[in-house]
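*Asks:* Need coordinates for the following:
(2 chains)
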Amino acid sequence: MWRDAVLVAGKDLRVELRSRVTTNQVAPYALIVLLLFGFAFDQDQYILTHAGPGLFWVAVLLCSLLAIQRSFGLEAADGARDGLRMSGLDAAGIFLGKALAVAAQLAVLEAVLTGGIVVLFGARLGDPLLLGATCVLATVGLAAAGTVYGAMAAGLRVRETLLPLLLLPVVAPVLLGATQAWLAAAGLSSGGGWRWLTLLAAFAAIYVALGVLGFGTLLEEA
Amino acid sequence: MNYKSLSARPTSNRATVVVGGLTLVGLGVLLVLGLVVSPPDTVQGETVRLIYIHPASATMAYAGFGLCALGSLAYLWPRTRSLRWDRFAGASAEVGVAFCVTCIVSGSIWGRYSWGVWWTWDARLTLTALLLAVFLGYLALRRTGGDPVGRAKRCAVAALCCFLVVPVDHEATNWWVTLHQKDTLFRIGKAPLIHGWQLTTMLLSFVVFGLLFTWMLLHRLGIEALEDRIEEEGYVWAIAERRAEGVAQVPTTGPRRPLPGSGLAGGPAAPTMRAAMPPGEGR
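*Replies:* Numbers count the residues shown, from 1 in each chain, chains lettered A, B, ... in the order given. Just a heads-up that it's a prediction; the model follows:
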């Protein structure tokens, strides 16, 4: 399973490295979203500083939609999805590989967005350990849930509009948990940040398990 | 059999008539008890009457989503795999969504008079809104058309993902500090918090809403079955109708000439692009 996962992740990441869609299109899009937040809040530094973690994770969610659509869009042409299905690779391995590739792209985007909120919003970051742990758990959860729902919507003609409707409500707990943990790390909230990691870890574990168990069924019909 | 005869076919049967009749009687009694017999509350006044709608709606919403998850599990289980379970899951989710909307609207009206706001970011309220959103997504996924078997598998996995929100929403008032009050009736080892006619009316509301839920579910199941039949057989009917039109256009006298696009001398016209498109593909 893990060997298959590494193969699929390597394939998706190689395609991304060659096409540079993440760096040339998604990352600039993420920065534009941050700029738009700045216009929307009329460059009010206090609001931007305090709402920075929430805006950061909203931007990550929007970018994750693009990354997931791209991940399944890669296999839409030339019967590539049929090729993947008939390759003999383990379905759980394909799920883990695709989720791993999406997680790697999200990690790059999160690094770009972190720089963005520090420069544009003047956000404070605080405890690096808490920030890093939050990013890892939230990214795994987003990538796992996104891969499950991406496979569900793949192959449908309305996938572009359907995926946000399916995915965004489901990943609301990630937005809540990650924002609260970042606020605590920056000293902007009185609550303990570490307890929010329990929510993020539970979310990630549930969706990784669901993906490993159910991806074969979804792939058959994708 | 064609589209017209199928769309005119009622979804009622003896079961829906009996359950529908009982529901009507029950709603009448509930209205009298809720609006006339049951007294206003000493603190909440007349707004307490919303308690005869709100908790029962929430329970029916949970029931709908729970049955949807059960139907989906039954579909995914190889021994019980049948499109009937898929239809059951879809119908349950639709009825559950209707009751979830009723629950949110009645709760919002109550909140306006009790808390002074239509909406507050309380854990129970937020999770119920989230629950509605994920099941709206599930219903959108069901409406994507295409092969019924493929749709059923996809939707069964989605339903199980969506159902994960239900226990969290139900336990929200116990796990977090919320504005929403805790359980009024079913308290483990403790007596209910309301008494007399208020308790009687509230208990009756669960029975009546349960009947209403069953009546709606039975009708929705019938509609789902008819929709699936159109998906399966509509293509054949559409071609038969176009052929019948082609035959009707053939001149009865004189030499028979080929009809445009038919490829057959005097034969029926080829189906149009619209008729040739499998049902559901145009969605």
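
*Asks:* wait, doesn't B:L30 sit right on B:L203?
*Replies:* No. With contact defined as Cβ atoms under 8 Å, B:L30 does not reach B:L203; the gap is 10.6 Å. Where you see a C-beta, it was placed from the backbone N, CA and C, and this is true even at glycine.

*Asks:* Neighbour count: these two, which is higher?
*Replies:* Neighbour count, other Cβ atoms under 10 Å in any protein chain shown: between B:L30 and B:L203, B:L30 has more, with 21 against 15.

*Asks:* got a pLDDT number for that one?
*Replies:* Looking at B:L30, its pLDDT reads 93.

*Asks:* distance of it from chain A?
*Replies:* 33 Å (Cβ to the nearest Cβ, to the nearest Å).

*Asks:* Now do the helix or strand containing that residue: distance to the chain's middle.
*Replies:* Here B:L30 is covered by helix B:14-32, with elements defined by DSSP states H and E. Counting by Cα atoms, centre = their mean, to the nearest Å, helix B:14-32 is centred 19 Å from the centre of its parent chain.

*Asks:* For that helix, name the packing helices and strands.
*Replies:* Applying 3 or more Cβ pairs under 8 Å, 6 or more residues apart in numbering or on different chains; DSSP states H and E, one finds that helix B:14-32 contacts helix B:196-249.

*Asks:* what's the model's confidence in the helix it packs on, averaged?
*Replies:* Rounded mean pLDDT across helix B:196-249 is 87.

*Asks:* so it versus helix B:14-32, what angle?
*Replies:* Angle, helix B:196-249 to helix B:14-32, by axes from the mean of the first three to the mean of the last three Cα atoms, to 10 degrees: 140 degrees.

*Asks:* can you give me the offset of helix B:196-249 from its chain's centre?
*Replies:* 10 Å.

*Asks:* How about stretch A:15-35?
*Replies:* Computed by Cα atoms, centre = their mean, the chain-centroid distance of stretch A:15-35 equals 13 Å.

*Asks:* With stretch A:1-20 instead?
*Replies:* With Cα atoms, centre = their mean, you get 16 Å for stretch A:1-20.

*Asks:* If you count neighbours, what's buried in it?
*Replies:* Residues of stretch A:1-20 classed as buried: A:D4, A:A5, A:V8, A:A9, A:K11, A:D12, A:L13, A:E16 (neighbour count, 16 or more other Cβ atoms under 10 Å in any protein chain shown).

*Asks:* hang on, the fourth one in a strand?
*Replies:* No. With DSSP: H, G, I helix; E, B strand; the rest coil as the criterion, A:A9 is located in helix rather than a strand.

*Asks:* just to revisit the earlier point, identify all contacting residues around the helix holding B:L30.
*Replies:* Applying Cβ atoms under 8 Å, 6 or more residues apart in numbering or on different chains, the contact partners of helix B:14-32 are B:12, B:52, B:201, B:204-205, B:207-208, B:211-212, B:214-215, B:218-219, B:222.

*Asks:* can you rerun that using 7 Å?
*Replies:* B:Y52, B:T201, B:L204, B:S205, B:V207, B:V208, B:L211, B:L212, B:T214, B:W215, B:L218, B:H219 (Cβ atoms under 7 Å, 6 or more residues apart in numbering or on different chains).

*Asks:* Could you do stretch A:128-145 as well?
*Replies:* Residues outside stretch A:128-145 that contact it (Cβ under 7 Å, 6+ apart): A:64, A:99, A:102-103, A:106-107, A:110, A:125, A:167, A:170-171, A:174, A:178, A:181-182, A:184-185, A:193-194, A:197, A:200-201, A:203-204, A:207-208, A:211.
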